[in-house]
Structure formats: structure tokens, C-alpha cells
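Undergrad: coords below, sequence missing:
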């Protein structure tokens, strides 16, 4: 694998790709023409994923909703320095159940108090987004065109005196636009103790983005949406959480996963974390209780770093052991990505992203290395179009490398 990666990096195409990526990422700092007040939170970069047997991801389709900016009449930079990374204030806002820190008065939270324990938001907290993949071409497949790939409505905010809710309802092309929903409700006793329950990713309450599969788009680490109960809190700079989840079906499930998470903020711009998953789960390639179950142990570390106000660096590495019918299999995976927000007149102009990903095939343990580049151009604060190219530089034995080109668009309102 090392020889193949080295050959690619020292080839003309590899060298040109590396130089172009570095030039795009750092041109703003070198030239010094861009303003330092980014506001990219209205929309993310488009998702990027190969078929489930060989997932590849960019930033995913998770959105920074404009609900809260409208509710509190604030700019998105209050919580976001560079999307999707939340700053220290944004992390605390999410952890407190979408409440402004140090503002106990319901009026300061833009809530209307009906009785001692009953409060409602002044404005109905709703938002939506529409996503399109205008063109996609993948190795071995014919070109496809999909002017509408996903449409979703979001309702989120603080409810009652200590409650919160986050709900999503929508459909996508993969499901034939069958309407489905995910979400959670929370009870926030104090900053040290919060309880949430809902349907979604096993790390859906995590404020650091790195572990959320809606960011990764790789069915990792929890696979499909699960029924999850989480307990979390923060003691000064230390974030901690523990969760328990069952299977994704509407029936009583024999699947279960327990999760643990710790993250420490070395500074407002740098955090390091660790996570673990232990339980019994269906194999990733199965999606119902008729599949094969295995015991699963997964542990890893992650880092989030914001350099200045524009460049975001993120990395994750994990080791996983799966045991099926007494046969154990161990594999590792990891990724690193960097993205830069170019700003002009207080709004993003375009956001380039580069990503490198290493995985191992579950059957043979072959290494797979993938590189991805993505550029989004903002035509408005909440609408953008973009291009994305993904390429395997090391592929499994017996299979040709997969590449994919995609043109996309997203509107968030």
C-alpha cells in the first residue's frame, strides 16, 4: 500500500493535485484579501459516498439550521467559526438544549411563559432544505441526473422550562421519497446532567461533529439510525456522555450498543477526544433482523482544530473488532480532512475541501485509500452549488479503483 501511495504522490497527477489543494487552502492567508468574519453556517458541503461496500465521504449533509439565528436575531458566527465546527459558545448552546448560556430568563431565550413549568418559543422554530445532485458519474456506471435528491423539514428548539426537541421529517431518492423521520427530545437538569432520547445516530448529541454519521455519511460508527438514550454533561473543559441504543426497527430488538465519549477542550480552537462502542449488532451490509449479528467493539480518538477563523482541520482514527460465531476480525480505519472558508462582505464565497481516508475491507482486510476534493460556491447566504471528485488511489485486490464526479446544489431556508 505504501508503495502505491508513494507512486501516486510522486506522479505528475499526484504532485499537481497536492500543489493545487495546498494553493487553494492557503491562498486566502497568503494574499490577505478576505475578511475575517465568516458566516458559512447556512449550508454544508454536499455529501459524498460510494456504494455501501466502499463508503467515501466529504462533509455530509448535516446542516447548521437558520432557526436559531432567526430566533435570537444573531449572526451564524455567534456559534460557528467555520462550518461545521461549532465554537465553544455553539457547543454550549447545543449542550444546554438550544438555550443561550447565562440567560435564565425566558424572555432572554425568546420564550413565552404560560405557567411555572410551561413555556413556548415566541416563533415557530421550523426550517427546511432541498438537495440536488444535478450530475453524477461513477466508474463502471452510467451517468445519472437527479434534480431532487432530498427534501427535509426541521423543527428544533427549547421547549418547556428544561426541555428541548430536534425533529426531522422528509424523504430522499434512495427511499423513493417515502416520508420518514428522526429526532430526539431532551431534559436538561443542569450543565452537568442532561438526558436525551430519540431515533438517530448513536452519537447524535455529540457537539464536536466528528463522530456524527450525518457528517461522515459512511454508516459509521453506529450504522443505521437506532433508538438511543443518552446521558451527557460538561465539567468545565471536559465533555462526557454515555448512551444505550437498540435496533432500528419498530419492534423489540435483540441488538444493543453501549457508547462512551470523552472530549477535552485544550482551548476554544483545539479539542481532543476518545470514544468507544460495545455491543451486539447486525453486520453493516444487513438492514433488518434477518441478517447476521456479531459482537462489536470499536474504540478511537479524534481531533478538531480551527486555525484562525477560516481553516478547519479534523482527524479520526479507530480500531474495531467484530466477533461472529467465535471468529474474530480486527480492522482499523481513519480519515483526515481540511476545509477553508473564503469570505467576502461578511458571507462565504466558496469553501474548498480536501480529504484523505483509509479503510480496510471487512472480508479480506485489504487497505483502501481514497482522496476527495470538493468546492462549494455560494450564490446566496443559504444557497450554493458545487463540484466534487473522489478517487481511490489504493483499491482492494481484484478490483479496479473507483472514481466519481458529482455536481450538486443545496438550498437551506
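TA: That came through, no problem. As the structure is a computational prediction, the values presented were derived from the model and not from experiment.
Undergrad: switch to C-alpha atoms for all contacts and neighbour counts from now on
TA: Fine.
Undergrad: who are the contact partners of residue 274?
TA: 261, 262, 263, 299, 300, 301, 302 (CA atoms under 8 Å, 6 or more residues apart in numbering).
Undergrad: which helix or which strand is home to it?
TA: strand 270-282 (DSSP states H and E).
Undergrad: that strand: partners in the sheet, and parallel or antiparallel?
TA: strand 256-265 (antiparallel), strand 293-307 (antiparallel) (DSSP bridges).
Undergrad: could I get the full set of helices for the protein?
TA: 2-9, 12-31, 67-72, 88-95, 213-216 (DSSP state H).
Undergrad: and the third one, what's buried?
TA: It stands for helix 67-72. Within helix 67-72, the residues that qualify as buried are 67, 68, 69, 71, counting by 16 or more other CA atoms under 10 Å.
Undergrad: among the helices and strands of this structure, which has the poorest mean pLDDT?
TA: Every helix and strand of the chain was ranked by mean pLDDT, DSSP states H and E. The lowest is helix 213-216, at a mean of 38.
Undergrad: which residues are contacting stretch 231-247?
TA: For stretch 231-247, the surrounding residues in contact (CA under 8 Å, 6+ apart) are 95, 191-196, 202, 226-230, 253-266, 281.
Undergrad: mean confidence score for that stretch?
TA: On average, the pLDDT along stretch 231-247 is 93.
Undergrad: would you mark the buried spots in stretch 325-335?
TA: Here stretch 325-335 shows 331, 332, 333, 334, 335 as buried, counting by 16+ other CA under 10 Å.
Undergrad: which pLDDT does the model give the residue nearest to the first one when sequence neighbours are not counted?
TA: Nearest in space to residue 331, with sequence neighbours left out and distances taken as CA to CA, 6 or more residues apart in numbering, is residue 320 at 5.5 Å. Looking at residue 320, its pLDDT reads 89.
Undergrad: now residue 269
TA: 86.
Undergrad: hang on, isn't it packed against residue 311?
TA: No: counting by CA atoms under 8 Å, residue 269 does not reach residue 311; the two are 10.8 Å apart.
Undergrad: more crowded one of these two?
TA: residue 311 (22 against 18; other CA atoms under 10 Å).
Undergrad: near residue 193, how many other residues are there?
TA: Neighbourhood size, residue 193 [other CA under 10 Å]: 17.
Undergrad: ok, and the closest non-adjacent residue to it?
TA: Using CA to CA, 6+ apart, the nearest residue to residue 193 is residue 233, at 4.9 Å.
Undergrad: state the distance from that neighbour to residue 272.
TA: From residue 233 across to residue 272, the span is 16 Å (CA to CA, to the nearest Å).
Undergrad: who has more neighbours out of these two?
TA: Remark: of residue 233 and residue 272, residue 233 carries more neighbours, 21 against 17, as counted by other CA under 10 Å.
Undergrad: what's opposite that one in the beta bridge?
TA: residue 240.
Undergrad: can you pull the contacts of residue 183?
TA: 165, 166, 167, 168, 198, 199, 200.
Undergrad: please flag which of those residues sit within strands.
TA: The members of those that map onto strands under DSSP state E are 165, 166, 167, 168, 198, 199, 200.
Undergrad: can you report how many residues lie near the fifth one?
TA: Think residue 198. 22.
Undergrad: then the fourth one?
TA: Using other CA under 10 Å, the number of residues around residue 168 comes to 18.
Undergrad: test my guess that it contacts residue 153.
TA: Yes: counting by CA under 8 Å, residue 168 does reach residue 153; the two are 5.7 Å apart.
Undergrad: buried ones in stretch 228-240, by neighbour count?
TA: Buried residues in stretch 228-240, defined by neighbour count with 16+ other CA under 10 Å: 228, 229, 230, 231, 232, 233, 234, 239, 240.
Undergrad: can you check stretch 140-147 too?
TA: Buried-residue list, stretch 140-147, by 16+ other CA under 10 Å: empty.
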